[in-house]
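A.B. asks: sequence? don't have it. structure:
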């Protein structure tokens, strides 16, 4: 680590002040590895962003771009073959060429500048990149667009595992995660709007990795985060406005059961030939040689065939493949100066998915069920989530709800808007949106208790300041425990074994929080994950189901008290076998383990109705956290904007960087950092500087 820093100092900080100004700008790196880019123009800003991402995540960035090309197996071998097949099946790279040509000329120049920044850093510092990463170079604006297409369309909406799940009628997604709040001035002690940004994704070094940065150029000063590989910010604030996102379910991937004929497939009573194209994939072998695999892609009017057999193939239709300007829309949203400009950007409707929570310095807030929601009729969402008959144009959706038709809550009377990956109906509680206008398009399934916990906290706090907003974000209280433990106590009293009664005594003493030193949470989670228990994510095991008009009271009660008592007995036996104590502290099981850091964690899986999400698979009694809080920001739109932030796992992945895990101790302490936005603040916390 010392040699890494010494190299930075020798190559950057010791440059004479008079020579620091470069043709494009300067980057100041703070002591948490956050780049503050000071550029001379918009294009120079994008160039600096590309340079900074490459310095912090070069090996990862270049591997992601190889994946976007559908050529990762050519460099990294057979482990990447599934990705490359998926890119070939979905025509990603050829479509990206059309998408690049469709960009507004000035924004296309920005994308080219971003790619130039990547190449420039790689040319200046080839020694820091892996041999494999270097083989991806040079990159171009086409790579930027192709990777964005892959990430926004074919990872979030339709990941490769959908093909394996298609026959089971269960399109796979990464677990839903994220909290977002917008608070109006009427509910803020400062009289200014506030925003909570709290996305949750996996912590693995891959497409979920977030990157924090400040981007400064004439007329532009943005701070926030986005995933590595993207040239625009998806979680962002300025002195004018800000927005955050959570994963939603716009129903914009449909799987169709195709009826085969000897000459193709049946559609509207006529036989049609399949469209077919053959592509080749190169695969690097262990000895360095390359083999070639041929992939024949057959398609219908719906989209490519991804599963099934010759008699009953399955085709996939994905929304947004006719919308090439998602990156441009994000840029327009981020650089708007008021709500009117932001809405003008939203009306472009290029971004295929994600709820958006918005706030600004003028006091406006909004929740938007954003995305390309297909217009469907004649059936409910359950029909569309099944295998849909593909032999008729009556089931082939071709258009989307307009911005004005999407569910939203703008400047709600209650003064707050929130979402935790749930349907839009209670986003501005207590003014519930009526789902009836969207019965064909948007599922009204039960919501998670994590959302209910958020609603409860917001409804109990009349006015909130920035300190209180931060404290609420760190809430580790289990909504599920609050609702179900009294009923479990009664069930154990009636049906429980002696061991179950001992376990219930532990749960009765437990404070129902998942802070690291709380005692009872290990036992409760073990119970929740057993048949007969109540699960706040799957909404199973409750006597009373969720009622839209009562998110704070339903679901509740135990569906099967006797089974619940038996589940607690089994959980107690398991916890005793692992920890030799029923009241093992939570931080003994849940750990933050990254690099040399190994610390007890607070926070818990969202299925427990805990707002502060952290999760990990149980292995030999231990959970090494690998999912949950990723980028966090609490923002108050004072003049100027104030914010506190955290990149929970650190802001770099390059080998030898001191910033791979340096923020993990802050996460363990539930501590945010100040967002250093002025040049004076950055200079006071400077690690290094460089011209680019």
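C.D. replies: Sure thing, it's come through. In this text the structure is predicted, and so the values were computed from the model without any measurement. Residues are numbered from 1 along each chain as shown.
A.B. asks: Residues touching whichever strand or helix holds residue 342, excluding its own?
C.D. replies: Using DSSP states H and E, residue 342 sits within helix 339-346. Identification of contacts with helix 339-346 by Cβ atoms under 8 Å, 6 or more residues apart in numbering yields 241, 243, 329, 332-333, 336, 356, 358, 360, 362, 364, 366, 368, 370, 403. In short, each C-beta sits where N, CA and C put it, glycine included.
A.B. asks: Now do the buried residues in it.
C.D. replies: Neighbour counts over helix 339-346 (16 or more other Cβ atoms under 10 Å) mark 339, 341-343, 345-346 as buried.
A.B. asks: for those, which one is nearest residue 255?
C.D. replies: Set against residue 255, the nearest of these by Cβ to Cβ is residue 346 (28.8 Å).
A.B. asks: If I look at the closest one, what pLDDT would I see?
C.D. replies: You'll see residue 346 listed with a pLDDT of 98.
A.B. asks: picking that back up, quick one: which of the buried residues of helix 339-346 is nearest to residue 131?
C.D. replies: residue 345 (41.3 Å).
A.B. asks: How about that closest one, nearest residue that isn't a chain neighbour?
C.D. replies: Nearest non-adjacent residue to residue 345, counting by Cβ to Cβ, 6 or more residues apart in numbering: residue 332, 3.6 Å away.
A.B. asks: Contact partners for the one you found?
C.D. replies: Counting by Cβ under 8 Å, 6+ apart, residue 332 has contacts 341, 344-345, 348.
A.B. asks: Dump those residues to TSV, plus distance to residue 537.
C.D. replies: Output for the contacts of residue 332, formatted as TSV (distance: Cβ to Cβ, whole Å):
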residue	distance to residue 537
341	38
344	37
345	33
348	34
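A.B. asks: picking up where we left off before, ok, of the contacts of helix 339-346, which come out buried?
C.D. replies: 241, 243, 329, 332-333, 336, 356, 358, 360, 364, 366, 368, 370.
A.B. asks: which SS class is the closest residue to residue 689 other than its chain neighbours?
C.D. replies: Leaving out its chain neighbours, the residue that sits closest to residue 689 by Cβ to Cβ, 6+ apart is residue 28, at 5.0 Å. Recorded secondary structure, residue 28: strand (DSSP: H, G, I helix; E, B strand; the rest coil).
A.B. asks: any idea how far residue 28 lies from residue 686?
C.D. replies: With distances taken as Cβ to Cβ, to the nearest Å, residue 28 is found 6 Å from residue 686.
A.B. asks: Looking only at neighbour counts, state which of these two leads.
C.D. replies: More neighbours surround residue 28 than the other of residue 28 and residue 686, with 22 against 15 (other Cβ atoms under 10 Å).
A.B. asks: Can you name the residues that contact residue 300?
C.D. replies: Residue 300 neighbours (Cβ under 8 Å, 6+ apart): 256, 258, 265, 267, 272, 274-275, 315, 390.
A.B. asks: Which ChimeraX command selects the buried ones in those residues?
C.D. replies: Of those, the buried ones can be selected in ChimeraX as follows, counting by 16+ other Cβ under 10 Å:
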select :256,258,265,267,274,315,390
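A.B. asks: Out of the contacts of residue 300, which is nearest to residue 511?
C.D. replies: Nearest to residue 511 among the contacts of residue 300 is residue 256, at 50.9 Å by Cβ to Cβ.
A.B. asks: State the helix or strand in which that closest one lies.
C.D. replies: strand 253-257.
A.B. asks: any idea where the helices of the stretch 551-692 of the chain begin and end?
C.D. replies: 561-579, 586-589, 664-668, 679-684 (DSSP state H, counting those that start in this stretch).
A.B. asks: ok, residues contacting stretch 552-559?
C.D. replies: With Cβ under 8 Å, 6+ apart, stretch 552-559 has contacts from 446, 452, 455-456, 459, 483-484, 487-488, 491, 534, 539-547, 564.
A.B. asks: Over to stretch 60-77 now: how far is its first residue from its last?
C.D. replies: End-to-end distance for stretch 60-77: 16 Å, by Cα to Cα, to the nearest Å.
A.B. asks: what's the answer for stretch 125-136, then?
C.D. replies: 15 Å.
A.B. asks: how about the strands of the stretch 501-650 of the chain, start to end?
C.D. replies: Using DSSP state E, counting those that start in this stretch, the strands of the stretch 501-650 of the chain run over residues 542-544, 556-558, 590-594, 597-600, 614-615, 618-619, 622-624, 627-629, 631-636, 642-647.
A.B. asks: Can you report how many residues lie near residue 552?
C.D. replies: 15.
A.B. asks: Need the pLDDT of it.
C.D. replies: 95.
A.B. asks: what's the next secondary structure element after whichever helix in the chain runs longest?
C.D. replies: For the chain, the helix with the greatest residue count under DSSP state H is helix 42-69. As assigned by DSSP H and E, the chain's next helix or strand after helix 42-69 is helix 73-76.
A.B. asks: for that following helix, packing partners?
C.D. replies: helix 42-69, helix 81-89, strand 275-284 (3 or more Cβ pairs under 8 Å, 6 or more residues apart in numbering; DSSP states H and E).
A.B. asks: next one: the first one to chain centre, how far?
C.D. replies: Its chain's C-alpha centre lies 19 Å from the corresponding centre of helix 42-69 when counted by Cα atoms, centre = their mean, to the nearest Å.
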